[in-house]
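>>> Got a sequence here, can you build the structure:
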Amino acid sequence: MKVIIIGGVAGGASAAARLRRLDEKATILLIERGPYISFANCGLPYYIGGEITQKGNLTLQTPESFRARFNIDVRIRSEAEKIDPKSKTVQIRNLETGETYEETYDKLILSPGAEPIRPPVGAEGSKRIFTLRTIPDAMRIQSFLREEKSRSAVIAGGGYIGLEMAENLKKAGLDVTIVEKADHLIAPLDFDMAADVHRYAESQGIELILNNGLKSVAGTEDGLSIALEKGSLQAHMLLLSIGVRPDSSLAAGCGLHLNSRGAIITDNHMCTNQPDIYAVGDAVEVRNFVSGKPALIPLAGPANKEGRIAADNICGTESVYTGTQGSSILRLFEMTAASTGLNEETAKAAGIEYDKTYVYSASHASYYPGAKNMSIKILWDSNTLRLLGAQIVGFDGVDKRLDVLATAIRFHAKATDLASLELCYAPPFGSAKDPVNMAGFVAENVIKGKLKQFFWEDVDSLPRDGSVTLLDVRTETERAAGFIEGFMHIPLDSLREHLQEVPKGKPVYVHCHSGLRSYIACCILAGNGYECYNLAGGWRLYESVMHAKTVPEYVCTQCR
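All right, here's what the predicted structure looks like:
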């Protein structure tokens with residue numbers, strides 16, 4: 001059997017290695033148009049920033065090591081130009097010599113990946129405009145920073161690469177501005193969860209411009225003039241981090257079915273519509289594991305799994321890809337943001353009726369030094385109670401909590417199941433009531449009717465005409481630092497003594513700092529005949545969201 005794999009990195013390289021482990025006699029040919037067959041593209045921002053100091057650390061396998069270990073014919077700087085499914089041939093061009101030749105195949109795996117979106121904004125070919133996808137991209141940015149002594153950078157796009165590069169360019173001494181067309185950074189997060197990221201990014205000296213997009217770029221004597229939909233900026237360099245699109249022109253040319261976004265359509269065995277042709281990685285349409293809807297989710301973990309599954313099926317082992325849930329994580333300076341499954345936007349788009357809640361819990365026992373709170377949001381199906389998605393923003397311990405929640409989603413857990421999870425506890429690592437358990441406790445109370453919630457988006461529309469009672473149960477010190485207009489103030493610990501001040505026969509809407517003390521207040525009020533609603537996420541979340549709404553759409557800056 002002869003297998004040709006077009007494209008390396010996560011999907012192609014993992015498929016090649018799996019094929020060899022399953023079939024020692026197969027002829028395996030790996031074609032890669034770039035100089036590297038397997039490299040850590042997720043590590044590129046940290047190489048530019050100097051945390052990863054050796055370029056060799058980014059190359060997971062070299063052509064020589066891959067040949068030696070797996071006996072695979074690796075041909076770098078070689079581009080597949082045409083596939084003929086009828087004759088089962090691939091036309092290949094050697095990019096070093098220009099020579100063109102054909103290879104036959106029994107099975108073919110496409111792993112072309114995705115390419116950065118480069119909108120036609122002008123100044124094409126400028127040495128000051130960059131994308132970041134490959135090691136040569138990173139080398140070009142690093143050389144520019146070293147040689148040009150740039151002082152300012154604009155990053156178009158507030159996704160993962162954009163924020164990671166913002167951190168590393170800031171550490172390199174540049175003034176950094178992020179321009180994002182949407183109203184918040186990090187698309188997998190909901191606006192309310194991204195609000196903490198906005199404030200933290202600003203505290204680290206990153207300037208944010210939201211609800212505004214890149215329009216055009218022109219070169220100046222020593223920099224770039226960057227026109228936005230609203231206003232303009234001056235900077236020494238521009239990084240385009242707007243997103244990626246499937247690199248699927250080769251697939252289209254041989255008659256493979258593509259979706260409207262240009263992604264290759266496969267079945268759950270990674271087979272395309274053409275016999276004996278498989279496709280894996282960032283160029284492939286996947287099924288969203290939670291919603292069941294078609295999706296494009298370019299992540300390294302799924303690409304590796306898809307490569308393995310394609311290899312299994314080629315070698316006669318039944319293997320099925322069950323979908324991608326989009327588990328992802330980001331470090332921004334010391335902050336961590338992570339998500340998995342659906343957010344509110346994608347749940348609505350899928351037509352799923354859902355409920356949600358928030359908790360704000362410490363990363364480990366609060367009495368042990370160094371504990372820091374993390375904000376957790378979970379969504380669940382209102383009818384089945386199935387956990388749909390989770391988002392966490394915080395510092396220490398975010399990664400392990402998100403991994404627990406991602407695992408729960410993968411095994412179809414209900415939101416109430418989180419309450420019964422038995423997780424590791426010792427004071428340096430967690431709490432007897434882990435933040436994941438706390439999310440389950442709150443969800444359980446909501447589902448069983450023991451807790452009625454209202455949300456930050458409801459606050460401003462609550463009547464201030466006396467038909468309802470609005471109650472703040474924080475301390476005097478907390479209230480002095482800021483409050484919501486129209487909320488009367490009775491600290492929780494004196495609530496029982498002041499119940500006569502809370503009118504009977506009216507719904508009571510209560511908030512504290514995070515939602516815990518106001519829940520206790522609701523228990524007291526309910527026990528005394530009141531109908532009570534608790535502000536999910538508390539003042540802390542409300543104030544964070546209100547602050548995020550003040551992030552400007554345009555800030556005038558000059559080349560610094």
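
>>> Quick check: which ranges of the stretch 51-200 of the chain have low pLDDT?
Scanning the stretch 51-200 of the chain for pLDDT under 70 picks out 60.

>>> Likewise for the chain?
Checking the chain against pLDDT under 70 turns up 60, 556-560.

>>> again, only using 50
559-560 (pLDDT under 50).

>>> Next, the residue of it positioned farthest from its centre: phi, psi?
Going by Cα atoms, centre = their mean, the residue of the chain most distant from its centre is residue 500, 48.7 Å out. Per-residue torsions, residue 500: phi -60, psi -20 (degrees, to the nearest 10).

>>> and if you look at residue 369?
Recorded main-chain torsions at residue 369 are phi -60, psi 140, according to degrees, to the nearest 10.

>>> Provide a list of residues in contact with it.
Contacts for residue 369 (Cβ atoms under 8 Å, 6 or more residues apart in numbering) come out as none. The C-beta positions use only the backbone N, C-alpha and C, and glycine is treated the same way.

>>> before we move on, what about residue 206?
166, 170, 176, 177, 178.

>>> By neighbours, which of these wins?
Among the contacts of residue 206, the one with the most neighbours (other Cβ atoms under 10 Å) is residue 166, at 29 neighbours.

>>> returning to that earlier point: could you dump the contacts of residue 206 into a markdown table and include distance to residue 401 and secondary structure?
Formatted as a markdown table, the contacts of residue 206 follow (distance: Cβ to Cβ, whole Å; DSSP: H, G, I helix; E, B strand; the rest coil):
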| residue | distance to residue 401 | secondary structure |
| --- | --- | --- |
| 166 | 25 | helix |
| 170 | 27 | helix |
| 176 | 29 | strand |
| 177 | 32 | strand |
| 178 | 27 | strand |
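
>>> Return the closest of those with respect to residue 361.
When the contacts of residue 206 are compared for distance to residue 361 (Cβ to Cβ), residue 166 wins out at 27.9 Å.

>>> which stretches of the stretch 251-400 of the chain form strands?
277-279, 286-287, 294-295, 328-332, 335-341, 354-362, 373-381, 387-394 (DSSP state E, counting those that start in this stretch).

>>> As a markdown table, those strands with distance to residue 311 and mean neighbour count would be great.
Putting the strands of the stretch 251-400 of the chain into a markdown table (distance: least, Cβ to Cβ, whole Å; neighbours: other Cβ atoms under 10 Å) gives the following:
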| stretch | distance to residue 311 | mean neighbour count |
| --- | --- | --- |
| strand 277-279 | 9 | 28 |
| strand 286-287 | 17 | 20 |
| strand 294-295 | 23 | 17 |
| strand 328-332 | 25 | 19 |
| strand 335-341 | 26 | 25 |
| strand 354-362 | 37 | 22 |
| strand 373-381 | 35 | 23 |
| strand 387-394 | 31 | 27 |
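
>>> Tell me which of the ones you listed sits nearest to residue 484.
In terms of Cβ to Cβ, the element of these nearest to residue 484 is strand 354-362, at 16.5 Å.

>>> before we move on, the earlier item: please report the distance of the residue farthest from the centre of the chain from residue 41.
Separation of residue 500 from residue 41 (Cβ to Cβ, to the nearest Å): 65 Å.
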